[in-house]
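J.: I need the structure of the sequence given here:
(one chain, ligands or ions: 1)
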Amino acid sequence: MAIPDAAPQGPGSGRGPGGGRGPAKLNPADQKQLNRHPVQLRRIAALFAPHKGTIAVVVLLITASSVVGLAQPFLVRAVIDDALPHGNTRLLLFLTASMVGVAALTAAIGVVQTWMATGMGQRVMHTLRVRLFTHLQAQSLGFFTRTRGGEVQSRLTHDISGMQSVVTTTATGVASNLTTAVATAVAMVALSPGLTLISLVVLPPAIWLSRRVAIIRRDVTDERQRELAALHTQVEEGLSVSGVRLAKTLGTVPRDAERFRARSETLVGLELRSQLAGRWRMATMQIVFAAIPAVIYLAAGFPATSGGMTIGTLVAFTGLQAGIFRPVMGLLNIGVQWVTALAFFSRIFEYLDLEPEIRPAANPVRLDPAAVRGDVRFENVHFAYDDGTEVLHGIDLALPAGTATAVVGPTGSGKSTLASLLPRLNDTGSGRVSIDGVDVRDLAPEDLARIVGVVSQETYLIHATIRENLLLADPEAGDGRLWSALAAAQMADTVGSLPEGLDTMVGARGHRFSGGEQQRLAIARTILRNPPVLVLDEATSALDNTTEAQVQAALEHLSAGRTTLTIAHRLSTVENADQVVVLDAGRVIERGTPAELKAAGGAFARLAAHTAAAEDGMPAAVR
Ligand SMILES: Nc1ncnc2c1ncn2[C@@H]1O[C@H](COP(=O)(O)OP(=O)(O)OP(=O)(O)O)[C@@H](O)[C@H]1O
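T.: Sure, this is the predicted structure:
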């Protein structure tokens with residue numbers, strides 16, 4: 001009779017015959033992660049320090065469960081040796097009731113222990129999740145640009161829940177395997193020291209054999225998975241529009257077919273080996289589980305080794321013997337599980353250790369957004385991205401309050417970078433950017449967000465209703481204000497004609513609406529926010545004439561009376577600006593009113609002529 005498990009088994013712990021995974025395998029990515037960002041045990045301990053009491057109770061429960069479970073073989077022995085042969089029904093009743101009672105007690109302890117361990121794991125996870133989320137929120141745009149898409153989400157959800165499961169399942173699994181193995185060994189010695197000695201001889205080869213077979217099976221299965229994935233990729237890539245086009249134009253069709261045939265053939269062999277290895281694993285486990293009691297019975301039959309034991313002792317002992325196999329197998333995987341657990345912590349701590357590049361001011365200057373005039377200055381601004389190459393070289397620029405400045409220049413000249421410094425999406429390297437004489441780095445972040453509004457090319461709408469998207473700008477706004485903002489953004493008619501009006505869902509990232517409509521919704525959102533300073537990034541993508549006129553009208557309404565910095569792509573925007581700034585390779589090469597710059601016949605004049613030609617649909621040379 002096996003000792004009932006006090007805890008759910010950890011991943012990779014050995015299971016009964018036929019089932020279960022093989023031994024866990026060290027993941028090279030985990031090892032690499034740990035080399036890159038080692039984890040201090042003290043730091044993990046600190047996370048669990050507030051739950052010391054719970055941990056103590058859980059360990060106590062696991063131990064109690066292992067010890068209580070050990071009563072079973074002794075009860076069995078008493079049934080066989082004392083109750084049955086003497087027809088003692090009262091004793092039999094008591095013993096069998098106790099057997100059920102012991103099973104019920106260990107089961108109940110198991111439930112309580114799982115509840116406590118999981119609850120603690122969840123609380124630690126919750127704390128970490130919230131800490132990580134707020135910490136990542138504080139990171140600059142640069143961090144998100146550098147980080148592979150999906151990586152942040154994966155660490156926040158997958159790694160944290162993985163960590164929780166490792167902590168609660170593996171840790172309690174290890175504790176329960178350990179206590180079960182020790183308690184079983186003690187009980188075995190108590191029942192029969194002689195047979196225990198024989199078991200010690202039988203157990204290691206049995207464990208070695210089943211691990212060996214399991215490792216072979218795991219390797220074959222891994223190889224099969226890899227081949228299968230390669231086959232899938234080839235199907236996905238090869239049988240798609242672009243794949244077929246590529247194969248046909250490059251003439252790789254026969255080569256691809258041959259590669260597919262070879263892969264498919266390799267799979268035949270691998271599938272066969274994998275199925276057989278699975279069967280072998282089951283067979284070895286069956287043999288091991290039959291052989292262990294057989295050896296014990298054999299030993300019990302010889303006077304030299306039996307030590308005059310009773311039948312009851314023999315039955316109880318074989319039960320215990322079978323029960324020690326599983327925890328020992330589980331314990332053999334501890335090393336790998338430990339590395340997996342550490343890698344989870346390492347990935348999370350790595351993010352928590354990131355220093356935000358843009359820090360809020362320690363003693364922020366408070367500016368009342370309603371009283372801000374909107375005098376913006378760039379003074380000797382230098383800026384370099386992480387790779388160290390300077391992309392802005394000493395920009396000096398004044399944007400007088402309430403005026404419109406259009407920034408133009410070839411692609412890569414630094415227009416977006418310059419604009420990103422005003423709302424502090426990036427921080428200047430040297431020099432300063434100020435609003436009404438206050439360095440933007442000294443402003444309280446909430447004030448800066450109220451003072452500087454941004455409408456970028458890439459409008460970002462959350463997957464919610466139009467109303468919820470607009471209320472992001474001002475949670476207090478009533479429907480009346482929402483409608484007038486929509487009207488100013490030339491969107492009131494469109495929204496008004498929708499059956500659900502303001503309650504229409506915008507779809508994931510706004511896909512329910514066309515590009516021009518999304519832009520106008522974003523403009524309405526900024527109108528609601530009513531910032532005195534605006535950064536506009538004009539869309540480069542072509543909109544049809546009507547839509548463009550609508551977006552333009554919305555932007556004009558938005559910019560009226562505010563200091564605006566527009567990354568301009570349309571001639572009309574430039575011509576209506578109070579000031580035009582021409583950037584080239586991170587330097588201001590021309591500055592003045594549109595008329596002045598045109599008259600000067602420099603870079604701007606050439607750019608204007610070129611743009612006018614392009615907007616007319618004709619190359620400049622033809623014109
Ligand atoms: N996150 C980044 N990391 C490193 N370099 C960057 C990053 N963003 C931009 N750059 C580089 O900085 C320079 C200026 O880029 P920026 O986007 O400011 O130019 P732009 O004038 O706005 O161009 P476009 O008109 O094409 O949008 C370019 O050489 C660009 O490659």
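J.: list the backbone torsions phi and psi for Asp584.
T.: phi -150, psi 120 (degrees, to the nearest 10).
J.: sec struct for His86, please.
T.: coil (DSSP: H, G, I helix; E, B strand; the rest coil).
J.: neighbours of Ala610, how many?
T.: Ala isn't right for residue 610; it's His. 15 (other Cβ atoms under 10 Å). All C-beta spots, glycine's among them, are computed from the backbone N, C-alpha and C.
J.: cool, and Val440?
T.: 23.
J.: over to the one 4 residues further on?
T.: Here the count is done by other Cβ under 10 Å, and Ala444 has 15 residues near it.
J.: list the contacts of Thr504.
T.: 465-466, 495, 498, 512 (Cβ atoms under 8 Å, 6 or more residues apart in numbering).
J.: so for this protein, the centremost residue is which one?
T.: With distances taken as Cα atoms, centre = their mean, the chain has Ser154 as the residue nearest its mean C-alpha position (1.4 Å).
J.: so that one: helix, strand or coil?
T.: Three-state call for Ser154 (three-state DSSP): helix.
J.: now the buried members of the contacts of Thr504.
T.: The neighbour count (16 or more other Cβ atoms under 10 Å) marks 465-466, 495, 512 as buried among the contacts of Thr504.
J.: quick one: end-to-end length of stretch 497-517, please.
T.: 13 Å (Cα to Cα, to the nearest Å).
J.: list the buried ones in it?
T.: Neighbour-count burial for stretch 497-517 flags 502, 504, 506, 510, 512-513, 515-517 (criterion: 16+ other Cβ under 10 Å).
J.: now these in JSON lines, with pLDDT, secondary structure and distance to the ligand?
T.: Formatted as JSON lines, these follow (pLDDT from 0 to 100; DSSP: H, G, I helix; E, B strand; the rest coil; distance: Cβ to the nearest ligand atom, whole Å):
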{"residue": "Leu502", "pLDDT": "88", "secondary structure": "helix", "distance to the ligand": "34"}
{"residue": "Thr504", "pLDDT": "88", "secondary structure": "coil", "distance to the ligand": "32"}
{"residue": "Val506", "pLDDT": "81", "secondary structure": "coil", "distance to the ligand": "26"}
{"residue": "Gly510", "pLDDT": "63", "secondary structure": "helix", "distance to the ligand": "21"}
{"residue": "Arg512", "pLDDT": "73", "secondary structure": "coil", "distance to the ligand": "27"}
{"residue": "Phe513", "pLDDT": "80", "secondary structure": "coil", "distance to the ligand": "24"}
{"residue": "Gly515", "pLDDT": "79", "secondary structure": "helix", "distance to the ligand": "17"}
{"residue": "Gly516", "pLDDT": "80", "secondary structure": "helix", "distance to the ligand": "20"}
{"residue": "Glu517", "pLDDT": "84", "secondary structure": "helix", "distance to the ligand": "23"}
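J.: state the pair within those that is farthest apart.
T.: Maximum pairwise distance in the buried residues of stretch 497-517, criterion Cβ to Cβ, is 20.8 Å, between Leu502 and Gly515.
J.: so Met125 sits against Gln164, correct?
T.: Yes - counting by Cβ atoms under 8 Å, Met125 touches Gln164, with 4.2 Å between them.
J.: spell out which residues of this structure are next to the ligand.
T.: By Cβ under 6 Å from any ligand atom, the residues of the chain that approach the ligand are 142, 145, 385, 387, 391, 409, 411-417.
J.: again, only this time at 8 Å
T.: 141-142, 145-146, 385-387, 389, 391, 409-420, 540, 567, 583, 586 (Cβ under 8 Å from any ligand atom).
J.: pull out the buried members of those.
T.: Using 16+ other Cβ under 10 Å as the burial test, the residues of the chain next to the ligand include 142, 391, 409, 413-420, 567, 583, 586 as buried.
J.: filter those down to the ones in helices?
T.: 142, 415-420 (DSSP state H).
J.: where does pLDDT dip in the stretch 401-550 of the chain?
T.: 508-511, 539-545 (pLDDT under 70).
J.: which stretches of this structure have low pLDDT?
T.: In the chain (pLDDT under 70), the answer is 1-25, 149, 304-308, 508-511, 539-545, 614-623.
J.: now do the domain split for it, please.
T.: Following automatic domain parsing, the chain resolves into domains at 1-192+322-355, 385-615.
J.: closest one to Arg281 among the ones you listed?
T.: Of all the domains of the chain, domain 1-192+322-355 comes closest under Cβ to Cβ, at 7.3 Å.
J.: and that closest one, how far out from the chain's middle?
T.: 23 Å (Cα atoms, centre = their mean, to the nearest Å).
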